[in-house]
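Asker: have a look at this prediction, sequence included:
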Amino acid sequence: MNKNQDNCNLILKKWSDRSINLIESMTLLRGLTLSNYKDKFPVHEHYRTSCFMTSEIFNLEFKVYFTTENAMVFCQKNSHLASEFLSLSYIIDFTKELTNLVVGSIKHDFENLDVKSVLSFPMQIRSFDELFIKKNLSGKSKINLIDYYEVFWRVNYDSSYIVISICLEITNPTEFYKLNFNLIKSDIHLGEFEYL
């Protein structure tokens, strides 16, 4: 592994750790843990929400995979509703807001590094649909794209979990690897979070 790969793996780990902090802030749950997730296509998690970010030097996608039962545990405490009153629509909106929050924090990192980027709206699909998505963010084959990184993590709370994934495609390696990734922090302080 070369220095550039080490830097990318380090930044992906920082963003994954930050995701835990943001999930704890959003869900009001404490004691979340992060573990490696081995399955590259978690299609057994019924739903997937995601948000994209693009710039002149990279593309990024953050995804949350979940089942209704597991995600309900993550959004129940913040909602102040009993589980029988949490609709699928509410759970999907909650995870879409989570993807937006994480990608927004990553966008802020790049703004601090003087890299301009734009975000998509969060979206939701069935996880099974991902099996039919054969190309990465720019449409190039992943086999031919050297600077492509993808990590999967399982976020655990008691016996429930969601799966998060960060896909990073570097489209201008010369400029991207000049960035000082040491300036990016794992933690971020949001203050009180209110989900409407």
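Answerer: Everything's here; your move.

Asker: give me the distance between the residue most central in space within the chain and residue 179.
Answerer: Nearest to the geometric centre of the chain sits residue 62, at 3.3 Å (Cα atoms, centre = their mean). Distance, residue 62 to residue 179, by Cβ to Cβ, to the nearest Å: 19 Å. Backbone N, C-alpha and C define where each C-beta goes, glycine included.

Asker: check residue 65 too.
Answerer: Distance, residue 65 to residue 179, by Cβ to Cβ: 29 Å.

Asker: more neighbours: the two, which one.
Answerer: More neighbours surround residue 65 than the other of residue 65 and residue 179, with 28 against 18 (other Cβ atoms under 10 Å).

Asker: pretty sure that one is touching residue 165, no?
Answerer: Yes. Assessed by Cβ atoms under 8 Å, residue 65 is found in contact with residue 165 at 7.1 Å.

Asker: which neighbours do these two share?
Answerer: Common contact partners of residue 65 and residue 165 (Cβ atoms under 8 Å, 6 or more residues apart in numbering): none.

Asker: residue 121 should be in a helix, yeah?
Answerer: No. With DSSP: H, G, I helix; E, B strand; the rest coil as the criterion, residue 121 is coil rather than part of a helix.

Asker: number of nearby residues for it?
Answerer: With other Cβ under 10 Å as criterion, residue 121 counts 9.

Asker: let me see the contact set for it.
Answerer: 51, 100.

Asker: what about this protein, any weak spots by pLDDT?
Answerer: For the chain, the stretches with pLDDT under 70 are 1, 39-45, 83, 126-146, 185-196.

Asker: quick one, strands of it?
Answerer: For the chain, applying DSSP state E gives strands covering 33-36, 47-55, 58-66, 117-119, 123-126, 148-157, 160-170.

Asker: run the chain-centre distance for the fifth one.
Answerer: Read that as strand 123-126. Mean C-alpha position of strand 123-126 versus that of the full chain (Cα atoms, centre = their mean, to the nearest Å) differs by 14 Å.

Asker: all numbers from here: first residue = 813
Answerer: Sure thing, new numbering starts at 813, so read that last one as strand 935-938.

Asker: who does it pair up with?
Answerer: strand 859-867 (antiparallel) (DSSP bridges).

Asker: and the strand it pairs with with strand 870-878, angle?
Answerer: With axes from the mean of the first three to the mean of the last three Cα atoms, to 10 degrees defining the directions, strand 859-867 sits at 170 degrees from strand 870-878.

Asker: ends of stretch 865-875, how far apart?
Answerer: One end of stretch 865-875 to the other measures 12 Å (Cα to Cα, to the nearest Å).

Asker: many thanks, I have nothing further to ask.
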